[in-house]
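Asks: Just a sequence and a predicted model for now, questions to come.
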Amino acid sequence: MKDIADGSLYFRTTEKTRNTRNKRNARMVAGIFIISFSLIYSLERFYDHHRMLDQIDTMFDADTTYYLDGFSNGWGGPSFRHPFAGMMFSLPVRAASKLAHKITGADDMRTRRELALFVVPLFQGVKNVILYLLLVGIGITTWQALVLCSLNLFALSTITVGSVPETFAINSMILVLLAWLMTHDFKAPSKLPIWCWIAAGGFAIGVTITNVVPLAIFHFLGRRFGQAKSWWNSLGKSVIVSILSLILAFILGAMISVAYSYSPIYLLPFGDRGDLGFWLQKHRPSEELMIAAASTFAGVIQPEAAPNEHLIRKRFNENNKPFLMIMFTYAKARLNNWISVSWTLLFAGLLLIGAWNSYRRGPVWSSLTIASASLLIFNFTLHMFFYLYDMFLYALHWQVPMIFSLAGLTLIKPGKALGSLVLVALTIASVASGFQFIAKVIATLAK
């Protein structure tokens, strides 16, 4: 009775419950990471088996061979758009490869390439873990968070451009990370020091310079609505964080460039390299953006295997002649039938309903909704002027804001289960379209 009277039994019980919950969460996080990493790595090996990683433009214009070299060896050098994207990740890869060579005598270059194939699966695994922690942290139930993590993992954009050596999977993880950092501003004991934002921002901008925009958006919203600072104070601090992050990214880019014997002058913007945008080739970017956006998760509008005209137009000698003269693309798809138009309208409706419900939920949800809407507007505006041949290449730039918008479907009242069932159905459709794409790859390359 004394234990009950002095409260020690209560605290022991509470501590035991907390420890049990922490162990359960740790197992959940570990499971999410292992499943996500394993799926993406398996897909990457599948594409590599079919030699799709050894040349550019095969997978929706992705520069897979360049980034595989970058992740493996640091080759390719810096650029204004990507101050240290490939080179940064080659540092641990080369260090681990040299260690493996000394211990086992394994071929250094081959080991580098094998290790480089871990980069994208690693970031996809981390992305799904952070996404789970963020969603649970703002009030979504465990099983609803798992459904959204599954939707992220099986999205057509993840199965395709998110499973090959490129910056898109890394950028996608960065967006989830910045959103997660923002949510900490809504929890008084969890407010993060400014150096955390600068470190995350420097890494984000070093991967792709346009990440300065989501950095500024998430930091501003967290400070304004999470910390309840004034508009001018929040804006000023966000500008400072963005500038310091830019400086950090380019300093790191210059240092790594010198270490790899590249001139830091390549960090300056060069128009002929596309640093200032590509916009002369397309005649209907709006339609292609709608097709790419509607196909982010479920590829109801299916991509096609088309002749790789970019390679066909080039001249090759017998030693470096491409072995795959096809590309998987949405470039020629059109919104010209009732199925594609209906799905585009339905998907847009789901995004709007989810965003509206999440906006009304509370400060953290409304901030997440504002950030998502801002990023969708930014990306769709940017890619009206900055693109290559296939808009779907950039699908992971808007996939995360869409996930946050769709998360609002779990908040619909009355009958929250209805919104969750819609997400389950969308996940199943995504799995089906992913299998259909893999079958298309097998059938096409078997010819």
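Replies: Cool, the structure landed. Numbers count the residues shown, from 1 in each chain.

Asks: nearest spatial neighbour of His397, skipping sequence neighbours?
Replies: Distance criterion Cβ to Cβ, 6 or more residues apart in numbering; nearest residue to His397, sequence neighbours excluded, is Asn379 at 4.8 Å. For every residue, glycine as well, the C-beta is placed using N, CA and C.

Asks: how much space is there between that neighbour and Leu181?
Replies: Applying Cβ to Cβ, to the nearest Å, the value for Asn379 to Leu181 is 20 Å.

Asks: Tell me who's in contact with the spatially most central residue of the chain.
Replies: Residue closest to the average C-alpha location in the chain (Cα atoms, centre = their mean): Ser172, at 1.6 Å. By Cβ atoms under 8 Å, 6 or more residues apart in numbering, the contact set of Ser172 is 123-124, 127, 162, 396-397, 399-400.

Asks: Helix, strand, or coil at it?
Replies: In three-state terms, and counting by DSSP: H, G, I helix; E, B strand; the rest coil, Ser172 is helix.

Asks: Which residues are in contact with Lys229?
Replies: Counting by Cβ under 8 Å, 6+ apart, the residues that Lys229 touches are 223, 237.

Asks: Now do it against Pro264, distance only.
Replies: 36 Å.

Asks: Next: Ala298.
Replies: 44 Å.

Asks: Of these two, give the one with the bigger neighbour count.
Replies: The neighbour comparison of Ala298 against Pro264 (other Cβ atoms under 10 Å) goes to Ala298, with 23 against 17.

Asks: Sketch out the low-pLDDT regions of the protein for me.
Replies: 1-18, 190, 271-283, 310-323, 414-416, 447 (pLDDT under 70).

Asks: the strands in it, which residues?
Replies: For the chain, applying DSSP state E gives strands covering 304-307, 326-329.

Asks: Tell me the buried residues in the first one?
Replies: In other words, strand 304-307. Of all the residues in strand 304-307, those buried under the rule 16 or more other Cβ atoms under 10 Å are Ala305.

Asks: Could you list the residues in contact with it?
Replies: Counting by Cβ under 8 Å, 6+ apart, 325-333, 440, 444 sit against strand 304-307.

Asks: hmm, try it at 6 Å
Replies: With contacts defined as Cβ atoms under 6 Å, 6 or more residues apart in numbering, strand 304-307 is touched by 326-329, 444.

Asks: Quick one, which of those are buried?
Replies: Applying 16+ other Cβ under 10 Å to the contacts of strand 304-307, the neighbour count classes 326-329 as buried.

Asks: so which of those comes closest to Val422?
Replies: Distances from Val422 to those, taken as Cβ to Cβ, are shortest for Phe328 (28.3 Å).

Asks: beta partners for the closest one?
Replies: Using DSSP bridges, the beta-bridge partners of Phe328 come out as Met59, Ala305.

Asks: from what I can see it touches Asn308, true?
Replies: No - in this structure, Phe328 is not within contact of Asn308 by Cβ atoms under 6 Å, at 9.7 Å.

Asks: For the nearest residue to Met52 once chain neighbours are set aside, list the residues it contacts.
Replies: Of all residues not flanking Met52 in the chain, Thr58 sits nearest, at 4.9 Å (Cβ to Cβ, 6+ apart). Thr58 makes contact with 52, 324, 327 under the criterion Cβ under 6 Å, 6+ apart.

Asks: Apply 10 Å and report the result again.
Replies: Listed by Cβ atoms under 10 Å, 6 or more residues apart in numbering, the contact set of Thr58 reads 47, 50-52, 64-65, 164, 305, 308, 311, 322, 324-329, 441, 445.

Asks: In the stretch 251-400 of the chain, what residue spans correspond to helices?
Replies: Using DSSP state H, counting those that start in this stretch, the helices of the stretch 251-400 of the chain run over 285-294, 309-312, 338-359, 363-382, 395-407.
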